[in-house]
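Undergrad: quick one, what's the 3D model for this:
(one chain, ligands or ions: 1)
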Amino acid sequence: MTMTTTAAVGLTEVSKVYGSGPGAVTALDKVTVSLSRGTFTAIMGPSGSGKSTFLHCAAGLDRPTHGTVRLGDIDLTGLRERALTELRRSRVGFVFQAYNLVPSLTVRQNIELPLVLGAAAPEAGWLQHVVTTVGLADRLGHRPAELSGGQQQRVAIARALVTRPEVVFADEPTGALDTRTGRQVLELLRAVVRTTGQTVVMVTHDPGAASFADRVVFLADGRLAGALESPTAAAVAERMTGLGEW
Ligand SMILES: Nc1ncnc2c1ncn2[C@@H]1O[C@H](COP(=O)(O)OP(=O)(O)OP(=O)(O)O)[C@@H](O)[C@H]1O
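TA: Down below sits the predicted model:
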């Protein structure tokens, strides 16, 4: 049997140009990067460096102008819209800064929403495992408005995990949280990677948040600007200072 070492996410020479003519903006410029399975990666860079564009292209929310994006062994750039939608539903989880919970639904209903929307049912016990991991077992009947910001974000993380996606993409997941609550959410994401082998990719502005990752990938002006393994907050801050204003 041959060992396959397919990356969870692979971008090859990915460029994204918004608009055309003199007003065109190159948000990503030939970015090639490979993110291993079961790792936690932070994406950092100055404002406007292309972080959100990177995340959206990697997650199949947006299509690159050039280059290829792979999730596992699937080339997203070759997929039609319907197949891409299906892939996002079943293989990818999303966590945003604004938790995007449905206010009228309970915690349990919010978490189960992706299953109701047609993704394949997870293995028995997985929902329970997710709920326990995020520490919400005693809050399942509550509505989002009855929860703290950190708890709401944990619901959003549980919702992202419930379909057992291969990759969870998080865009500033701690941006709206205080430091202590943010830490708990980051510890949760790290624990998810350790205990489930899932892959997490997180955009952040915060060197402290990035230090929870296994690796930080830096962007500047839409280009790859290096990486740090086992980052400390101080090392990340120093690198960011070297990249200019942030
Ligand atoms: N829909 C769009 N149309 C035109 N230009 C865009 C669009 N989206 C992003 N851009 C431009 O692409 C560049 C990269 O934007 P992006 O949002 O990816 O950066 P970012 O690193 O996430 O920034 P921030 O940290 O400020 O959120 C910026 O110059 C931005 O103005």
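Undergrad: low-confidence stretches in this structure?
TA: Applying pLDDT under 70 to the chain picks out residues 1-5, 118-123, 245-246.
Undergrad: dump the residue contacts of the residue positioned nearest the centre of it.
TA: For the chain, F169 is the residue whose C-alpha lies nearest the centre (Cα atoms, centre = their mean; 1.4 Å). Applying Cβ atoms under 8 Å, 6 or more residues apart in numbering, we find F169 in contact with 55, 58-59, 92-95, 201-202. No exception for glycine: its C-beta is placed from N, CA and C like everyone else's.
Undergrad: looking at the residues you listed, which is nearest the ligand?
TA: Proximity of those to the ligand (Cβ to the nearest ligand atom) peaks at L55, which lies at 7.8 Å.
Undergrad: the closest residue to L224 other than its chain neighbours in helix, strand or coil?
TA: Among residues not flanking L224 along the chain, V31 sits closest, at 5.4 Å (Cβ to Cβ, 6 or more residues apart in numbering). With DSSP: H, G, I helix; E, B strand; the rest coil as the basis, V31 sits in strand.
Undergrad: ok, G141 to L105 distance?
TA: G141 is 11 Å from L105, where distance means Cβ to Cβ, to the nearest Å.
Undergrad: name the nearest residue to G38, sequence neighbours excluded.
TA: G197 (4.3 Å).
Undergrad: burial count for the one you found?
TA: 12 (other Cβ atoms under 10 Å).
Undergrad: likewise the one 10 residues further on?
TA: Neighbour count for P207, taken as other Cβ under 10 Å: 22.
Undergrad: now the one 10 residues further on
TA: Neighbour count for V217, taken as other Cβ under 10 Å: 22.
Undergrad: off-centre distance for the helix or strand where it lies?
TA: Using DSSP states H and E, V217 falls within strand 215-220. On the basis of Cα atoms, centre = their mean, to the nearest Å, strand 215-220 is displaced by 14 Å from the centre of the chain it belongs to.
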